[in-house]
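Student: Got a predicted structure plus its sequence, pasted below:
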Amino acid sequence: MSLTALLSVSDKTGIVEFAQALHAMGVRLLSTGGTAKLLADKGLPVTEVAEVTAFPEMLDGRVKTLHPKVHGGLLARRDVPAHMAALKEHGIDTIDLLVVNLYPFESTVAKPGCTLADAIENIDIGGPAMVRSAAKNWADVGVLTDASQYPAVLAELQAGGKLSHKLRFELSVAAFNRIAQYDGAISDYLSSVTFEEEKLSEEYVPERAAFPGQANSQFIKVQDLRYGENSHQQAAWYRDLAPAAGSLATGVQLQGKELSYNNIADADAAWECVKSFEAPACVIVKHANPCGVAVAGNAHDAYAKAFQTDPTSAFGGIIAFNRTVDLAAAQAVAKQFTEVLMAPDFTPEALEVFKSKANVRLMKIALPADYNQVRNVIETKRVGSGMLLQTADNHELQLADLKIVTVKQPTQEELQDLLFAWKVAKYVKSNAIVFCKNGMTMGVGAGQMSRLDSARIASIKAEAAKLSLQHTVVASDAFFPFRDGLDVVVDAGATCVAQPGGSMRDQEVIDAANERGVAMVFTGVRHFRH
């Protein structure tokens, strides 16, 4: 076949094999710099771009492909006679395939101690220019920007000697997406730099702001959804360009109906909560709030305890485990109506249990060893014509952080339950009140305008589930502004309370706790979740 391919890649993964396959089909190979040397060393007949342009690479390789004989060959429309005549007049050959991946800017600036000079040097100029030219002229040129695209291109060339319009268009879209990602990363980096001219040198490592001057979020669509929160709303699910290990976006659906918008939102709430525990844990979520959370010696027992907290709300809920679901756990879960069940893995026997429940969505999400540390770094929320960004609430409370402020001291058992309750409260919508005992939620009050109402609702929930709140601990996601909130939880049976502290009336609440004979600790941090 009489095709010409220009190959110029920073990441040389698979490029030799790809070039060998092209050569075997009679494709003429053009290349630059290190790529050309690599191909020549492998015995491939490759022509350097400098020979085509009759102009040497210069400025340490900064200028090599910025030439009419390259861009003319990429941009000329084969169906426009004037274009083809211009190529002939100026001795320019067409280029039919462009294989380019860009200087590794993103990985360079991600390295600790990256200098400004290194960052700037890794901004590719010629590569994006060629990619844009080829992608614009997709009807005539195939542009490859990632090694994962090599097999599909070779398959079509080997089958028919040319690329289909469909594949060329898909490659063009991927190319423009890659350029957008690349430019966004450069913008994010440069607009986060605090420039200090007096420190400028080749070794200058600039300070970077947590939030850049321009936010260039980049996400890839996972799927279109049937509808949004409500049936009259449209929706789609997107993931990060490089999703973190152990995140919801890395999950694989093993069975069940397509996930809905609300399924995904609730599943994320359950998954983020359950992976915060090191012991075997189960979290049941309904309408974005945990309605039952427990830790135990195994998945089955954790589920049994979590379900006991609020069986009514658990109906149609989202269930997450941080351990493999075995036969015993599967049989217990299968007794109730469940929308989504998530776990790091399922035994074959567990999967067999759910075969008869085809609508149950099973999600397998592999957890890395440090899974309790894998969380989003930045959180976003859309507001009218704008967006709020904040660092994620990834604070982990330790025993040493607790400040005991009452005469009565918590027991060791109460302290462990306080840490458990505090983890749960972080994932409950504000105002949050969480009663716990023996590694199990006993009553959860969520999302109320008044902390008093959240405390009362938690008590009502416990009573409905026939759970005693006597000798429980309570976590409050924010301080008690008055003693009345404390009195409500103590009246319900709590003997130990954790709250952030920081109110003007802290002493009033401390005095109330001493008066009631309960222990209270301050955490020094709150967990509002709106």
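Tutor: Okay, I see it.
Student: Which strands or helices does the longest helix along the chain pack on?
Tutor: Under DSSP state H, the helix in the chain containing the largest number of residues is helix 165-190. Applying 3 or more Cβ pairs under 8 Å, 6 or more residues apart in numbering; DSSP states H and E, one finds that helix 165-190 contacts helix 105-109, helix 126-136, strand 142-144, helix 150-160. Bear in mind the C-beta positions are built from the backbone N, C-alpha and C, glycine included.
Student: partner strands of the third one, parallel or antiparallel?
Tutor: Right, the one you point to is strand 142-144. Under the criterion DSSP bridges, strand 142-144 sits next to strand 97-101 (parallel) in its sheet.
Student: what helices or strands is the least confident helix or strand in the chain by mean pLDDT leaning on?
Tutor: The element with the least model confidence among the helices and strands of the chain, by mean pLDDT, DSSP states H and E, is helix 49-53, at a mean of 80. Helix 49-53 is packed against strand 28-31, helix 68-75, with contacts defined by 3+ Cβ pairs under 8 Å, 6+ apart.
Student: Tell me which of these sits most buried.
Tutor: Each of the helices and strands packed on helix 49-53 was assessed for mean neighbour count using mean count of other Cβ atoms under 10 Å. The highest is strand 28-31, with a mean of 22.
Student: what does whichever helix or strand comes after that strand rub up against?
Tutor: Counting by DSSP states H and E, the element after strand 28-31 in chain order, helix or strand, is helix 33-41. Under the criterion Cβ atoms under 8 Å, 6 or more residues apart in numbering, residues 7-9, 12, 15-16, 19, 29, 31, 46, 48-49, 57, 61, 64 lie in contact with helix 33-41.
Student: again, but for stretch 216-234
Tutor: Contact partners of stretch 216-234, identified using Cβ under 8 Å, 6+ apart, comprise 180-181, 183-185, 187-188, 235-241, 249, 258-262, 264, 380.
Student: could you redo the last one with a cut-off of 7 Å?
Tutor: Residues outside stretch 216-234 that contact it (Cβ atoms under 7 Å, 6 or more residues apart in numbering) are 181, 184, 187-188, 235-241, 249, 258, 260-262.
Student: and these, which two are the farthest apart?
Tutor: Set against one another by Cβ to Cβ, these have their most distant pair in 187 and 258, with a gap of 35.2 Å.
Student: Name whatever forms a beta bridge with residue 383.
Tutor: Residue 383 has these beta-bridge partners by DSSP bridges: residue 386.
Student: tally of neighbours for residue 5?
Tutor: As a burial measure, the neighbour count of residue 5 was computed by other Cβ atoms under 10 Å and equals 22.
Student: That one belongs to a helix, doesn't it?
Tutor: No - judged by DSSP: H, G, I helix; E, B strand; the rest coil, residue 5 forms no part of a helix; its state is strand.
Student: Now do it, the pLDDT please.
Tutor: Reading off the confidence values, residue 5 has pLDDT 94.
Student: what sits against residue 409?
Tutor: Residues in contact with residue 409, defined by Cβ under 7 Å, 6+ apart, are residue 519.
Student: rewinding a little: out of residue 187 and residue 258, which sits in the busier spot?
Tutor: Legend: neighbour count by other Cβ under 10 Å for residue 187 and residue 258, higher for residue 187 (15 against 11).
Student: Would you mind confirming that residue 410 makes contact with residue 496?
Tutor: Yes - applying Cβ atoms under 7 Å as the test, residue 410 and residue 496 come out as touching, 4.9 Å apart.
Student: Mind listing the shared neighbours of these two?
Tutor: 418, 519.
Student: Looking at these two, which has the bigger crowd around it?
Tutor: Neighbours were tallied for residue 410 and for residue 496 using other Cβ under 10 Å; the higher tally belongs to residue 496 (29 against 22).
Student: Distance from the helix or strand harbouring that one to the middle of the chain?
Tutor: When elements are assigned from DSSP H and E, residue 496 belongs to strand 494-499. The offset between the C-alpha centroid of strand 494-499 and the centroid of the whole chain comes to 35 Å, using Cα atoms, centre = their mean, to the nearest Å.
Student: Can you spell out which helices and strands pack onto it?
Tutor: Using 3 or more Cβ pairs under 7 Å, 6 or more residues apart in numbering; DSSP states H and E as the contact criterion, the neighbours of strand 494-499 among helices and strands are helix 412-425, strand 472-476, strand 519-522.
Student: Need the winner for burial among those.
Tutor: Relative to the other members of the helices and strands packed on strand 494-499, strand 472-476 carries the highest mean neighbour count by mean count of other Cβ under 10 Å, namely a mean of 30.
Student: quick revisit: so what are the sheet partners of the strand holding residue 496 and their directions?
Tutor: Each strand paired with strand 494-499, and its direction, by DSSP bridges: strand 472-476 (parallel), strand 519-522 (parallel).
Student: Tell me where this protein is predicted with low confidence.
Tutor: Scanning the chain for pLDDT under 70 picks out 1, 58, 61, 371-374.
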